[in-house]
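> next input, structure requested:
(one chain, ligands or ions: 1)
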Amino acid sequence: NNHKDNSRGGLIVLEGLDRSGKTSQSSRLLSHLEGQGLSVESWRFPDRTTCVGNMISSYLTNNSQLDDRTVHLLFSANRWEKRSLMESKLRSGTTLIVDRYSYSGVAFSSAKGLDIDWCKAPEAGLLAPDLVVYLDIPPEKAAERGGYGGERYEQLEFQKKVSQYYNVLCDPTWKIIDACLPVDVVEKQLKEFVMNSIAICQKGKPLSQLWS
Ligand code: 2DT
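This is a model prediction of the structure:
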């Protein structure tokens, strides 16, 4: 094994509005990285398979009502319950491609009118991504793609507010891809960002925590 002891996988996060293409790009990226012989897994938040995730799912599908702060904390708890597994996967050399993370948590809850710093607080101490890629699409264009599935947040006016909060959260380390470009062009740009980030993690970049 010619890797250093502190070699690890990369924590790659995809963010963007609903219908920006995150999910299909995640699966393309997964196949590509697997094809390169890398150890990689595709994750998503909310992870609806856990008990907490079940509560979130029922809220999103309008099968239950929850207070805004309560559901915010459930989304956060859903990340906390995966934190130790996430860390061990990364340390064992597995790269994680994560479809939505704390930025979705803060952008969506802030868009409902909650204070942004209040929203960020429970995320502090979660693992910081090595790369955040934002698939950038105007809310109107996303809505034109059709297929908003009828879940709670899938409405143009709300997505416009979410997009404003993503703008507030966005920092210079984020890689922005124009999600209106053809899928294969988006895919190519994404691969390049991701391969660079993984290479740095393989060299032993330390893990860090949100928000830094
Ligand atoms: P999907 O359509 O990607 O399953 O997302 N959301 C997501 C939040 O409000 N807070 C969060 O912390 C996360 C991760 C975004 C379901 C919806 O849940 C929103 C869309």
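> remind me which residues of the protein are low pLDDT?
In the predicted model, the chain carries pLDDT under 70 at residues 1-4, 212.
> what is the longest helix of it by residue count?
If you go by DSSP state H, the chain has its longest helix at helix 183-202.
> before we move on, what SS does residue 114 have?
Put simply, residue 114 is coil when judged by DSSP: H, G, I helix; E, B strand; the rest coil.
> what is the neighbour count of it?
Using other CB atoms under 10 Å, residue 114 has 15 other residues around it. Quick note: C-beta positions are derived from backbone N, CA and C, even for glycine.
> quick one: contacts for the spatially closest residue to it that is not a sequence neighbour?
Using CB to CB, 6 or more residues apart in numbering and skipping the chain neighbours, the partner closest in space to residue 114 is residue 68 (6.0 Å). With contacts defined as CB atoms under 8 Å, 6 or more residues apart in numbering, the neighbours of residue 68 are 109, 112, 113, 114.
> recalculate using a threshold of 10 Å.
Contact analysis of residue 68 by CB atoms under 10 Å, 6 or more residues apart in numbering lists 108, 109, 112, 113, 114, 119.
> would you put the C-alpha positions of the strand or helix carrying the first one in CSV?
Right, the one you point to is residue 108. Per DSSP states H and E, residue 108 falls inside helix 102-111. Only the C-alpha atoms of helix 102-111 are listed here, as CSV (Å, rounded to 0.1, in the frame of the first residue of the first chain):
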residue,chain,number,x,y,z
SER,A,102,-26.3,21.2,5.8
TYR,A,103,-26.6,23.9,3.2
SER,A,104,-30.0,22.5,2.1
GLY,A,105,-30.9,22.4,5.8
VAL,A,106,-30.1,26.1,6.3
ALA,A,107,-31.3,27.4,2.9
PHE,A,108,-34.7,25.7,3.1
SER,A,109,-35.4,26.6,6.8
SER,A,110,-34.2,30.2,6.3
ALA,A,111,-36.5,30.4,3.3
